[in-house]
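Chemist: Need a 3D model of the sequence below.
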Amino acid sequence: LVIAGIGLDAEVLADTKDELKRRWGWMAYSEAGMRHLPRRHKRKRVPVSMDGGPSNPRRVRSVLVANCGRMPAGINFVPDALLDDGELDIVVLSPRSVLGWAWIGAKTVLRHRASIPVIDYYRAKTVRITSHEPLNTQLDGDLYGKVTSLTVQVQPSSLAIRVDPQVVRDNPHAHSFSA
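Modeler: Next comes the predicted model:
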């Protein structure tokens, strides 16, 4: 429902130490992330196809498919992602070095809207990612396993959300939407 990913993001989840997660919560992932930044984790060549279009081979570290862009600590990693727009937001991360990751980090933390060459955003109803070698995947922060092909698609209006009417009346800023 939030973010699925293939590549480095799932590798970081897999390598995060349980003791650190218990002690530090979501911040524990940064320790594993730092261990994965060196060049030994090279970009992978993966064809990405959106909405049945042609496959576009990309050299990537991770491909994220988001329905919602908010992450812990108030970080809005995919600022234009909307729960109820009927589209997926695809984020292709392709840094070559630690400097590229620093660029992505600065853009995210500073909420800079300008584009940078190491991160691309797309929108589609369906995305298909393939790889010659099995890559780790994650769904909403839980490991899903290694795959050589991943297809993610929107199923509009498939999630019913029930809200107590009293909560809506008591909250003048409540928004109505269908996911």
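
Chemist: only C-alpha atoms for contact and neighbour calcs from this point on.
Modeler: Noted.

Chemist: ok, Q138 - how many residues close by?
Modeler: When neighbours are defined as other Cα atoms under 10 Å, Q138 has 23 of them.

Chemist: Wasn't it part of a strand?
Modeler: Yes - under DSSP: H, G, I helix; E, B strand; the rest coil, Q138 sits within a strand.

Chemist: Please report how far it lies from S115.
Modeler: Here the distance between Q138 and S115 works out to 26 Å (Cα to Cα, to the nearest Å).

Chemist: for the most centrally placed residue in the chain, helix, strand, or coil?
Modeler: Central residue of the chain (Cα atoms, centre = their mean): L64, 3.4 Å from the mean position. Per three-state DSSP, the local secondary structure of L64 is strand.

Chemist: That one against A10, yeah?
Modeler: No - L64 is beyond contact range of A10, at 9.9 Å (criterion: Cα atoms under 8 Å).

Chemist: Output the below-cut-off pLDDT ranges for the protein.
Modeler: Applying pLDDT under 70 to the chain flags residues 26-29, 32-33, 36-41, 70-76, 103, 106-112, 172-179.

Chemist: who's in contact with the nearest residue to V78 once chain neighbours are set aside?
Modeler: Take V78 and drop its neighbours on the chain: the residue closest to it by Cα to Cα, 6 or more residues apart in numbering is G69, 4.1 Å away. G69 makes contact with 2-3, 76-82, according to Cα atoms under 8 Å, 6 or more residues apart in numbering.
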